[in-house]
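**Student:** I would like to see how this sequence folds:
(one chain, ligands or ions: 1)
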Amino acid sequence: MKIPPKGLSKEEIFQTLQGYKSTDLDWKSGRVFGYIYDPGKKVHDVINEAYTLYLSENGLDPLSFPSLLRLENEVVSMTANLLDCNSEVVGNFTSGGTESLILAVKTSRDYSRSLKPHIKAPEMVLPITAHASLFKAAHYLGIKTVVTPVHDDTFQADVAAMRAAVTDNTILLVGSAPSYAHGVVDPIADIAALAREKGLLCHVDACVGGIHLSYMRKLGHDVPDFDLNVPGVTSLSVDLHKYGYAAKGASIILYKNKDLRRFQFWACSRWTGYTVVNPAVTSSKSGGPMAAAWAVLRYMGDNGYQEIVAEVMRATQKLIAGIGGIDGLRVLGQPNMCMFALASTTEKINVYRLADKMKDKGWYLQPQFARDNSPANLHISLNRSTVPQAEALLKALEETVAEMKQEEADPETRQLQAELEKLALKFDEETFFKLAAMAGVTGVAPPEKMEKVNMLLEALPYDVSEFMLTEYLNNMMQPNAADEAS
Ligand SMILES: Cc1ncc(COP(=O)(O)O)c(C=O)c1O
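**Tutor:** Model (predicted):
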């Protein structure tokens, strides 16, 4: 595609964009149980207007746009107050969970460089259920990840294993509130106590849970302690663009105090241009996400969030109980909020096939691979817009599971399964291409059905599947790919 020699009309542009969108997940159906946190049209309109009002304002320089500094301080303040933080707590607005986590890891790295200069090869200890973006942060920042198991049945971090994993090079311990995959809060108090005992920093990843759990707490639900009041917790991330229902590009990173947060910042006055002092990763940034986040918190109020959390929790509890009653499915662990993982209890139900079948019927459930003691499963996150569909989801699951029980095993899937079981004995390039072909991975277009692709990705050694995913994306993201497809 080239920039058109003559600009197009607004109508033409939006017609094309609407056309492009038609192949995306239809989240407005309320049947997409991941990716989207939709507060409904009324709230959305407010977000939209606030975002647009600040679309062009630049968060690069708080002196030039003091209103953005004010908005940032106020959004951080509202979030910190919701989390019952004391007055020493400070924080910043970031573009999302990943940026908040990168900053938490950077802060711990630079803090230990300054205070523990003898550590030359820093390590962080994290349970296998910690979010992938923590692994990404470690990768970007040159920190070794030391991964520890979670308990069978509860999927909570095994703190004894974390203790055993601490070495003289450890700088940071991590826990989730909750973990994305299972929706389970780690024993934060124990992890933080261990950090304190060993003189380490401790980050709580409450990206997905910070807001929702806080309102559950206000509503009287039993919520394990997870915030900065837990002795030993030194930083906490909480996303507003998840259960804060803000526009995408909104998260908060909080620190126990300014002395620690200092290590997050970066300044540069040694080049020929303008002075740079950045609290977060990005420099120039639209004021839109911040203004929209500020607006949604003000518009919803405690009453609005409590209403949503109450209805989402009622729907979640019914859904979890209903799934528990379907012969062939089970919910993993005891989820603490409105997200959970469902696994199969019978060979008849391959969850990846179940996901494909559900997708054919208009439902999106997110496949998650078997790792350690966590079996292959499908992830479900509820939010306000999925509540009206929760009963229908249960029915669709019941019906689909019943259908699958009647079906003969697919010979191709069986054959792939048999080949994958031999992987541990022999794995080379030839095997790889054979398996990829069996899974239907040939060109750049994703196969219609993902069952076999997921089986393959799950079974491959991590470095091979990660290499494969990278190559796939590298081939898919080509400027001329869209032209070829059309
Ligand atoms: C617990 C947790 N941490 C971090 C992230 C990453 O957040 P983002 O996608 O906003 O970068 C997620 C995303 O779902 C999450 O659930």
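
**Student:** Residues of the chain that sit close to the ligand?
**Tutor:** Listed as neighbours of the ligand in the chain under the rule CB under 6 Å from any ligand atom: 96, 97, 98, 101, 131, 133, 176, 180, 205, 207, 208, 239. For glycine as for every other residue, the C-beta is placed from the backbone atoms N, C-alpha and C.

**Student:** Can you give me every residue that contacts whatever residue of the stretch 1-150 of the chain ends up closest to the ligand?
**Tutor:** Residue of the stretch 1-150 of the chain nearest the ligand, by CB to the nearest ligand atom: residue 97 (2.3 Å). For residue 97, the contact set (CB atoms under 8 Å, 6 or more residues apart in numbering) comprises 131, 133, 205, 207, 208, 237, 239, 242, 251.

**Student:** The second one contacts residue 101, doesn't it?
**Tutor:** Yes. Taking CB atoms under 8 Å as the contact criterion, residue 133 and residue 101 are neighbours in contact, 4.9 Å apart.

**Student:** The two - which one has more neighbours?
**Tutor:** Remark: of residue 133 and residue 101, residue 101 carries more neighbours, 28 against 21, as counted by other CB atoms under 10 Å.

**Student:** Quickly find the element holding the more buried one.
**Tutor:** For residue 101, the enclosing helix or strand under DSSP states H and E is helix 97-115.

**Student:** and that helix, which residues are buried?
**Tutor:** Within helix 97-115, the residues scored as buried using 16 or more other CB atoms under 10 Å are 97-112.

**Student:** if you average pLDDT over it, what comes out?
**Tutor:** Mean pLDDT, helix 97-115: 98.

**Student:** Just the C-alphas of it, formatted as CSV.
**Tutor:** C-alpha atoms of helix 97-115 as CSV (Å, rounded to 0.1, in the frame of the first residue of the first chain):
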residue,chain,number,x,y,z
GLY,A,97,0.8,-4.1,32.5
THR,A,98,3.9,-4.9,30.6
GLU,A,99,5.4,-1.4,30.9
SER,A,100,4.6,-1.4,34.6
LEU,A,101,6.3,-4.7,35.1
ILE,A,102,9.3,-3.7,33.0
LEU,A,103,9.6,-0.7,35.3
ALA,A,104,9.3,-2.7,38.5
VAL,A,105,12.1,-5.1,37.3
LYS,A,106,14.3,-2.1,36.1
THR,A,107,13.8,-0.5,39.5
SER,A,108,14.9,-3.6,41.3
ARG,A,109,17.9,-4.0,39.0
ASP,A,110,19.1,-0.4,39.4
TYR,A,111,18.3,-0.4,43.2
SER,A,112,20.5,-3.5,43.6
ARG,A,113,23.2,-2.1,41.3
SER,A,114,23.4,0.8,43.6
LEU,A,115,23.0,-0.8,47.0
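
**Student:** Tell me how far that helix lies from the chain's centre.
**Tutor:** 19 Å (CA atoms, centre = their mean, to the nearest Å).

**Student:** about what we covered before: next step: the contacts of residue 97 restricted to helices.
**Tutor:** Among the contacts of residue 97, the members found in helices (DSSP state H) are residue 133.

**Student:** pLDDT and distance to residue 64 for the contacts of residue 97 - can I get that in a markdown table?
**Tutor:** Listed next are those as a markdown table, based on pLDDT from 0 to 100; distance: CB to CB, whole Å:
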| residue | pLDDT | distance to residue 64 |
| --- | --- | --- |
| 131 | 98 | 34 |
| 133 | 98 | 31 |
| 205 | 99 | 33 |
| 207 | 98 | 30 |
| 208 | 98 | 34 |
| 237 | 98 | 28 |
| 239 | 98 | 27 |
| 242 | 98 | 30 |
| 251 | 98 | 23 |
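
**Student:** Which ones among the contacts of residue 97 map onto strands?
**Tutor:** Among the contacts of residue 97, the members found in strands (DSSP state E) are 205, 237, 239, 251.
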